[in-house]
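Colleague: sequence and predicted structure below; questions after.
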Amino acid sequence: MFKPSDFPEPSLISVNGVKLEVFEAGKQNVGRPIVLCHGWPEHAFSWRHQVPALSTAGYHVIIPNQRGYGNSSCPSEVTTYDLEHLVGDLVALLDHYQYQDAIFVGHDWGAMVVWGLTLLHPKRVNKIINLSLPYQERGEKPWIEFMEE
């Protein structure tokens, strides 16, 4: 049974102009990175049940709290939360660990960020697993207008 005390201790890592609170497991599995991206209004802790299994399966598990969540930086400017910045955080995180690419798993809002990563930086993505949010193709109308109809 999972105990909260089993969740890894975080580190604050400076990337892309912010500090991200990052939890790691399976550090001995260097070279097999898997990055877990939480949804909204979640936290890295939402992956607590998957971390032991992934680490045991031989993965270097990296779980960042996205900017604005947990103890990660909370920039005041709204534009710094756009997809380009959020994706940039993941790319910079790979650079920090000196990984060329990784498997990315996204849930909810995290899935949207992972979809953006695959479009903007496809060479940094080895595989993706996205939960609860299918890829949303850009249509002729902006999504807001479409949803308001």
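Modeller: Now that the structure is in, tell me what you want to look at.
Colleague: quick one, what contacts the residue most central in space within the chain?
Modeller: The central residue of the chain, meaning the one whose C-alpha is nearest the mean C-alpha position (CA atoms, centre = their mean), is Cys37 at 2.8 Å. Under the criterion of CB atoms under 8 Å, 6 or more residues apart in numbering, the contact list for Cys37 reads 64, 66, 90, 104-107, 110-111, 113-114. For the C-beta atoms, the positions are set from N, CA and C on the backbone; glycine is no exception.
Colleague: so, low pLDDT: which residues of the protein?
Modeller: Applying pLDDT under 70 to the chain flags the ranges 1-2, 133-136, 138, 143, 147.
Colleague: what segments of this structure are helices?
Modeller: For the chain, helices defined by DSSP state H occupy the ranges 51-56, 83-97, 109-120, 143-148.
Colleague: mind putting the ones you listed into JSON lines with distance to Lys127?
Modeller: Listed next are those as JSON lines, based on distance: least, CB to CB, whole Å:
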{"stretch": "helix 51-56", "distance to Lys127": "13"}
{"stretch": "helix 83-97", "distance to Lys127": "14"}
{"stretch": "helix 109-120", "distance to Lys127": "10"}
{"stretch": "helix 143-148", "distance to Lys127": "26"}
